[in-house]
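Q: kindly return the folded structure for what I paste below:
(chains A and B)
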Number of protein chains: 2
Amino acid sequence: MSPVASISGFPELLPAEKIVEDQVIDTLRRVFELHGFTHLETRAVETLDELQRKGETSKEVYVLSRLQDKEGTGKSKLGLHFDLTVPLARYVLENSHHLKFPFLRYQIQKVWRGERPQEGRFREFVQADIDMVAQDELPAHYEIDLPLVMGKALSQLPIGGITIHVNSRKVLQGACQALGINDVDAVLTVVDKRDKVGQEVFLQMLAELGLSTVQGEKLSELATINGRLEAITQVRQLGLDSELLEEGLQDITKLLQTAQQRQVDNVIADFKIARGLDYYTGMVYETFLDDAPQVGSICSGGRYDNLVSDKKRRFPGVGMSIGVSRLISVLLSRHALTVTRSVPTAVLVTVTSEQSRSDSDAIATALRARGIPTEVCPNSQKFGKQIKYASMRGIPYVWFTDSSTVKNLETGEQLDATPENWAPDPQHLRPKVKASND
Amino acid sequence: MSPVASISGFPELLPAEKIVEDQVIDTLRRVFELHGFTHLETRAVETLDELQRKGETSKEVYVLSRLQDKEGTGKSKLGLHFDLTVPLARYVLENSHHLKFPFLRYQIQKVWRGERPQEGRFREFVQADIDMVAQDELPAHYEIDLPLVMGKALSQLPIGGITIHVNSRKVLQGACQALGINDVDAVLTVVDKRDKVGQEVFLQMLAELGLSTVQGEKLSELATINGRLEAITQVRQLGLDSELLEEGLQDITKLLQTAQQRQVDNVIADFKIARGLDYYTGMVYETFLDDAPQVGSICSGGRYDNLVSDKKRRFPGVGMSIGVSRLISVLLSRHALTVTRSVPTAVLVTVTSEQSRSDSDAIATALRARGIPTEVCPNSQKFGKQIKYASMRGIPYVWFTDSSTVKNLETGEQLDATPENWAPDPQHLRPKVKASND
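A: Here you go, the predicted structure:
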């Protein structure tokens, strides 16, 4: 046959790969819920009005129309959401009288962007977000708690070490103030690109914004500083005089100290982190894989004071977002993960003949009642073929109904067993995802 | 503020309602995986070509276009999938060389239909499907296994009793043959509507198809028969002479007998079940809530021999689909379910003062390490206010860091505790969904 063409930018996983994604998502859910975050799922669509509040992203939106609908233009048109932050802001305002604040929520959903797909960039992908949203005032420690929760979640994934890089918009804004730079937003955008473009182009871009060599070099110095508490000292030694900068440094210091108290050793200050989006007003975060920093940030976010607000109310918040599909795609393409099998099944029960299939069904029912994923062989061919059915799928055990024995396909060991008492080796109960260097 | 308008047909759940949906979906996943079904997730979009293979559904499709894209017409256009069967068929053909057959998969995803939303009908909703797909030949017992797996899954949900109604297309086609009726598809469509339109209109519709009174009344008699093995006898007593009909009756008999063997008592034969879709070729299934049959079928499906095929290959299968969103919406609107709390949190750790917040954090970290969902109070107000924070959310326990005691808010009991040894009553560890009549 001619293969059915895949659609560019819309990846689909094979069964074993989906097991990796499920285990990643289940782990994130578990850690988020352990920290009291409630699960939110918003509809896939928003009105175009809502999606276009930030003009820059409007070109990425997929717009919906009904095939048979000849009207369907205008502002009531719907588009697929391109992130989980716009839907959160809309949902909180819409349901504020039903929610309790502070509102801690996690959200793990697909988002869509009509961009040209690049390597590791998709048009449809899963994001996993956590946000802490308060009414009127955000508790000060939320800017500290949030990245530590995310760090905890990421540390449970089979992705190797990660490092969370933190900065504060206050530091960057304060530095601009101290240097007499007015167009802070434009400067932040350039700082955000520094790692991509390199030092030389960075200075050139700043010069193009009208900055003097001294201003540019001072910003460049700031942007190269990173580390733990010693980095704070280094920034102070730059001699930039700004209350706002000092406030930002104190916020970061508090975060680094709290991380230390909680024995979290993978958070560092990094003064080039700026984040492109203009709604961040305080701390900003990016996260890198220790083994593959070149992949870029796998989890980013920050504090926003004015994103969720209307004329009368203000819900400041802080959040971070993991690009789950991208992360998994990177891990899979680097062969960094293996899965022990492609089916949930731990035991295949053989069938001696079609007449006695119900005996095999009874064994399977008894095993499943004890939480052991079990299949009954779909055919009653020779045992050799039934064993092959199991081994081709990586099913670790085969149950022989006639002899009441179980064979471990890995060791070849075959033992007497009853479905009421036998249990698989706990490590074989579920498919296991392993980092390849484990 | 003016409330942000909800979009008709795109429901969103509040946190406690989402807990219901999550527990329903988690239960389904667990049961499906216990039976060896692998998890599949397909992209949300298919090409219009793929979606329009069945012309009748084309009008429901949401078509995508990129906001800035001026071209974007023609056959390469994308639409959102309206079920999980079309994507399965496409996925299996596209990835057949990577899959092992028989391929048992479950899929729990949103689907979209641009229909006019009616009560309990949505434009965006979650479906949960299981399918068993084989290469060339479907093992005979799959038509029996599949509804029994689904029945097992549904029986674990807090939805009260359910009954699975089964029929075989062979019975209906055989009856038409025996009665000399040629336009079988049109007759099946009318049989499918019998319950909605009533006996009188049913006979009238058959007459409009050109059926004689005798033919109509015989079909009507058949359509009223339902029950266990005695129903099979009743059909035979109609004296319809057809080998195909007899084959269908034997298939149903086998299913009823197997259900009995496995002590499943909620499967009955029901000869009015026809299913509207023309791709079914064998057994067909519908499922009704015992407490609310008027809701209609909550889980339907059947066997299809030619749905997944191309010029060279054939993958016959059998599947059923639960309308998860609709089911949950019915249960919630009938107040049939309650949830013990709206957050995952089991314990709120109080904060004596902001200076000692890190002591509270340490308690929380120790509890979470033992799998106990824990929040630290975001403020350090008087304990009365902190207790109110917990009680407003239904959090069952409050931990007092200064006195090392835990208060059970339900009983008022307050006991000494250490974070290494104390555990909540297991029934309070997670939010609990209960049927209201429990």
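
Q: buried ones in stretch A:35-53?
A: A:35-48, A:50-52 (16 or more other Cβ atoms under 10 Å in any protein chain shown). In this view, the C-beta of every residue, glycine as well, is placed from N, C-alpha and C.

Q: ok, and of those residues, which contact chain B?
A: Residues of the buried residues of stretch A:35-53 in contact with chain B (Cβ under 8 Å from any Cβ of the partner chain): A:35-45, A:47-48.

Q: any idea which of the residues you listed is closest to residue A:371?
A: Taking Cβ to Cβ as the measure, residue A:371 lies nearest residue A:39 of these, at 23.8 Å.

Q: please flag which of the buried residues of stretch A:35-53 sit within strands.
A: Taking DSSP state E as the definition of strands, these contribute A:38-39, A:45-47.

Q: how about the nearest residue to residue A:199, chain neighbours excluded?
A: Closest residue to residue A:199 apart from its sequence neighbours, by Cβ to Cβ, 6 or more residues apart in numbering or on different chains: residue A:220 at 6.8 Å.

Q: meant to ask about residue A:121
A: Excluding the flanking residues, the one nearest residue A:121 by Cβ to Cβ, 6+ apart is residue A:115, at 6.6 Å.

Q: that neighbour in helix, strand or coil?
A: coil (DSSP: H, G, I helix; E, B strand; the rest coil).

Q: per-residue pLDDT, it?
A: On pLDDT, residue A:115 comes in at 77.

Q: secondary structure class for residue A:344?
A: Per three-state DSSP, residue A:344 ends up coil.

Q: burial of it, as a residue count?
A: Here the number of neighbours of residue A:344 (other Cβ atoms under 10 Å in any protein chain shown) works out to 27.

Q: would you confirm that it contacts residue B:30?
A: No - counting by Cβ atoms under 8 Å, residue A:344 stays clear of residue B:30, with 9.7 Å between them.

Q: of the ones in strands among the buried residues of stretch A:35-53, closest to chain B?
A: residue A:38 (4.3 Å; Cβ to the nearest Cβ).

Q: leaving out sequence neighbours, find the closest residue to residue A:417.
A: Spatial nearest neighbour of residue A:417, excluding adjacent residues (Cβ to Cβ, 6+ apart): residue A:406 at 4.4 Å.

Q: do the same with residue A:393
A: Nearest non-adjacent residue to residue A:393, counting by Cβ to Cβ, 6+ apart: residue A:343, 4.9 Å away.

Q: kindly report the same for residue A:375.
A: Residue A:375's closest residue in space is residue B:36 (Cβ to Cβ, 6+ apart), at 3.6 Å.

Q: wait, the one you found touches residue A:378, no?
A: No - counting by Cβ under 8 Å, residue B:36 sits too far from residue A:378 to count as a contact (10.2 Å).

Q: centroid residue for chain A?
A: Centroid-nearest residue in chain A, with Cα atoms, centre = their mean: residue A:322, separated by 2.3 Å.

Q: residues touching that residue, list them.
A: Contacts for residue A:322 (Cβ atoms under 8 Å, 6 or more residues apart in numbering or on different chains) come out as A:28, A:127-129, A:150, A:154, A:298-299.

Q: give the bridge partners for it, please.
A: Using DSSP bridges, the beta-bridge partners of residue A:322 come out as residue A:128, residue A:299.

Q: what number of residues lie near residue A:136?
A: Applying other Cβ under 10 Å, we find 9 residues neighbouring residue A:136.

Q: I'd like the distance between it and residue A:96.
A: 12 Å (Cβ to Cβ, to the nearest Å).

Q: please list the residues of the stretch 201-350 of chain A that sit near chain B.
A: So far as Cβ under 8 Å from any Cβ goes, the stretch 201-350 of chain A lies against chain B at A:258, A:261-262, A:310-313, A:342-345.

Q: drop anything exposed from those residues.
A: By neighbour count, with 16+ other Cβ under 10 Å, those hold A:258, A:262, A:342-345 as buried.

Q: if we can go back for a sec, now the residue nearest to the centre of chain A: how far from chain B?
A: Distance of residue A:322 to chain B, computed by Cβ to the nearest Cβ, to the nearest Å: 17 Å.

Q: swap in residue A:426?
A: From residue A:426 across to chain B, the span is 16 Å (Cβ to the nearest Cβ).

Q: residues in contact with that residue?
A: Shown in contact with residue A:426 (Cβ under 8 Å, 6+ apart): no residues.

Q: can you report phi and psi for it?
A: When read as degrees, to the nearest 10, the backbone of residue A:426 gives phi -50, psi -30.

Q: any idea how far residue A:357 is from it?
A: Taking Cβ to Cβ as the measure, residue A:426 falls 29 Å from residue A:357.

Q: okay, helices next: where are they in the stretch 301-438 of chain A?
A: Taking DSSP state H, counting those that start in this stretch to define them, one finds helices in the stretch 301-438 of chain A at A:324-333, A:357-369, A:383-393.

Q: which helices and strands does the first one pack with?
A: To tie it back to what came earlier, the one meant is helix A:324-333. helix A:15-34, strand A:124-133 (3 or more Cβ pairs under 8 Å, 6 or more residues apart in numbering or on different chains; DSSP states H and E).

Q: could you give the angle of the helix or strand following the last one to helix B:357-369?
A: Toward the C-terminal end, the helix or strand that comes next after strand A:124-133 (DSSP states H and E) is helix A:142-155. Helix A:142-155 and helix B:357-369 are oriented at 30 degrees to each other (axes from the mean of the first three to the mean of the last three Cα atoms, to 10 degrees).

Q: chain center to helix A:142-155: distance?
A: Centroid separation for helix A:142-155 versus its chain: 12 Å, with Cα atoms, centre = their mean, to the nearest Å.

Q: report the mean confidence score over that helix.
A: 96.

Q: got the CA coordinates for that helix in PDB?
A: In PDB, the C-alpha atoms belonging to helix A:142-155 read as follows (Å, rounded to 0.1, in the frame of the first residue of the first chain):
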ATOM      1  CA  TYR A 142       4.700  31.800  46.100                       C
ATOM      2  CA  GLU A 143       7.500  33.100  43.800                       C
ATOM      3  CA  ILE A 144       9.700  30.800  45.800                       C
ATOM      4  CA  ASP A 145       7.400  27.800  46.200                       C
ATOM      5  CA  LEU A 146       6.400  27.500  42.600                       C
ATOM      6  CA  PRO A 147       9.800  26.700  41.000                       C
ATOM      7  CA  LEU A 148      10.600  24.400  43.900                       C
ATOM      8  CA  VAL A 149       7.400  22.400  43.200                       C
ATOM      9  CA  MET A 150       8.200  22.300  39.500                       C
ATOM     10  CA  GLY A 151      11.800  21.300  40.300                       C
ATOM     11  CA  LYS A 152      10.500  18.400  42.500                       C
ATOM     12  CA  ALA A 153       8.200  17.200  39.700                       C
ATOM     13  CA  LEU A 154      11.000  17.400  37.100                       C
ATOM     14  CA  SER A 155      13.400  15.600  39.400                       C
END
